[in-house]
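>>> This is a predicted model, with the sequence first.
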Amino acid sequence: MKRAIVVIGALAAVAHAAPAGEARVAHLAAALTELRAGDPYALERELHEAIRLRCRTGGATTSCMIGVARELCGKRSCLAAADVIVTNQHAERDLVDEPTRMRLVRTSSDYHAAVLVELRARYAILAAELALARPAASLALQIDRLCVERDQIARRCASDAAACLGSLPYQRCAAALVWFASTEPRGANP
């Protein structure tokens, strides 16, 4: 009897996870489409500037950033793309260490453009992992699968590792890969 309950509980968990997984994949597919349809760098710059102006109080709060994105994307179809951009903006401090950020402040005429180049290098590491992952029916599904499975075991990087990304939350992994797959590399002045 106990085995039957465990099996039914496991099947219910899988059945409940399927719609959530399908919704994640649909959101990733929408973001890929929206970013590829326009100029993703222009949208990123527009969101960055609007958030900087409207969400000044001691670092942008998530609710303020979401409000700015909703307002900016009001009549446009860009909310999924804006979600990727806002997630990547939140991830900046986790993906680019403080010494690197300080170097960029000292040596770059446009810090924001320089940090985007630096982030792209980090995203490329994830993209290499994606290229080595087993193929899926769509890019969105492959990104979802990698980001769900990637950190089932904690990842740590050696301090001298040249190319390593430690554990990342699903949202940051997926947003980084969607951005990387949807944009062309640009120099220090995107």
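Now that the structure is in, tell me what you want to look at. Numbering: from 1, shown residues only.

>>> For H27, give me its contacts.
Going by C-beta atoms under 8 Å, 6 or more residues apart in numbering, H27 touches 80, 83. Bear in mind the C-beta positions are built from the backbone N, C-alpha and C, glycine included.

>>> secondary structure element for it?
Counting by DSSP states H and E, the element that carries H27 is helix 2-37.

>>> repeat for E129
Assessed by DSSP H and E, E129 sits inside helix 111-132.

>>> From the chain's centre, how far out is the helix or strand following that helix? Work that out for me.
Using DSSP H and E, the next helix or strand after helix 111-132 towards the C-terminus is helix 139-149. Centroid separation for helix 139-149 versus its chain: 12 Å, with C-alpha atoms, centre = their mean, to the nearest Å.

>>> Alpha carbons only: can I get helix 139-149 in PDB?
Output in PDB follows, covering the C-alpha atoms of helix 139-149 (Å, rounded to 0.1, in the frame of the first residue of the first chain):
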ATOM      1  CA  LEU A 139      16.500  25.800 -28.700                       C
ATOM      2  CA  ALA A 140      14.100  26.900 -25.900                       C
ATOM      3  CA  LEU A 141      13.600  23.300 -24.800                       C
ATOM      4  CA  GLN A 142      17.400  22.700 -24.800                       C
ATOM      5  CA  ILE A 143      18.000  25.800 -22.700                       C
ATOM      6  CA  ASP A 144      15.300  24.800 -20.300                       C
ATOM      7  CA  ARG A 145      16.700  21.300 -19.900                       C
ATOM      8  CA  LEU A 146      20.300  22.500 -19.400                       C
ATOM      9  CA  CYS A 147      19.300  25.100 -16.800                       C
ATOM     10  CA  VAL A 148      17.100  22.700 -14.900                       C
ATOM     11  CA  GLU A 149      19.700  19.900 -14.800                       C
END
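
>>> Show me what that helix packs onto, helices and strands only.
Counting contacts by 3 or more C-beta pairs under 8 Å, 6 or more residues apart in numbering; DSSP states H and E, helix 139-149 packs against helix 2-37, helix 111-132, helix 170-182.
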